[in-house]
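[1] Quick one: sequence and predicted model below, then my questions.
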Amino acid sequence: MSERKPRAVALGIVVHEGAVLMEKLYGEHEHGTGTFYRPPGGGIEYREHSREAVVREMREELNAEVEVLEYLGCVENVLGTEEDGLHELLQLYHVRFLDESLYARGDLRILDNGLTDNPAVWVPIVDFSRWDRQLYPLGIGELLTEW
């Protein structure tokens with residue numbers, strides 16, 4: 001039995017004119033290697049509520065203050081193998097930028113502890129319902145299109 005523990009994560013769903021803000025990444029995924037998308041956010045710290053974590057993560061990754069509008073649900077992902085896999089419990093929140101000028105900016109970046117610097121792009125929600133784009137975590141596309 002593995003000693004590895006699931007990772008708790010809080011993600012922010014920012015919606016504007018039928019599109020959702022996503023981090024654009026490139027790498028290996030379940031369909032091979034290529035571009036995939038993930039909402040901004042990150043790990044929940046010990047004794048931190050997920051609602052607080054999403055606000056902190058949006059500040060750290062996008063240098064943006066957000067207001068939490070509603071809790072959207074939890075998605076669970078178990079990826080990979082016992083030795084090199086990942087088990088995540090993801091808390092999803094609908095959030096909005098307090099600085100409305102951020103919605104019009106085309107140069108948003110996701111910065112993560114100096115380790116990554118990826119573009120943040122607006123992706124039409126319908127792209128995920130048609131499977132035109134690879135979205136992670138798994139299960140979030142269904143949640144977005146139902147919502």
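    Happy to help now that I have it.
[2] Correct me if wrong: residue 119 contacts residue 24.
    Yes - between residue 119 and residue 24 there is a contact at 4.8 Å, judged by Cβ atoms under 8 Å. Glycine gets a C-beta too; all of them are placed from N, C-alpha and C.
[3] low-scoring stretches of the chain, by residue?
    Flagging of the chain using pLDDT under 70 yields the residue ranges 1-3, 29, 80-83, 114, 129-132, 147.
[4] Quick one: the helices in it, in order.
    Using DSSP state H, the helices of the chain run over 50-62, 125-129, 140-146.
[5] Minimum distance to residue 88: which of these has it?
    Taking Cβ to Cβ, helix 140-146 is the member of the helices of the chain nearest to residue 88, at 11.3 Å.
[6] Report the buried residues of that closest one.
    Using 16 or more other Cβ atoms under 10 Å as the test for burial, helix 140-146 gives 140-141, 143-144.
[7] if we take these, which one ends up nearest to residue 77?
    residue 140 (9.2 Å).
[8] beta partners for the nearest residue to that closest one once chain neighbours are set aside?
    In space, not counting the residues next to it along the chain, residue 140 is nearest to residue 75; the distance is 5.7 Å by Cβ to Cβ, 6 or more residues apart in numbering. Here residue 75 sits in beta bridges with residue 90, as judged by DSSP bridges.
[9] pretty sure residue 75 is touching residue 141, no?
    No - if you go by Cβ under 8 Å, residue 75 and residue 141 don't touch, sitting 10.1 Å apart.
[10] Next, show the common contact partners of those two.
    Applying Cβ atoms under 8 Å, 6 or more residues apart in numbering, one finds that no residue jointly contacts residue 75 and residue 141.
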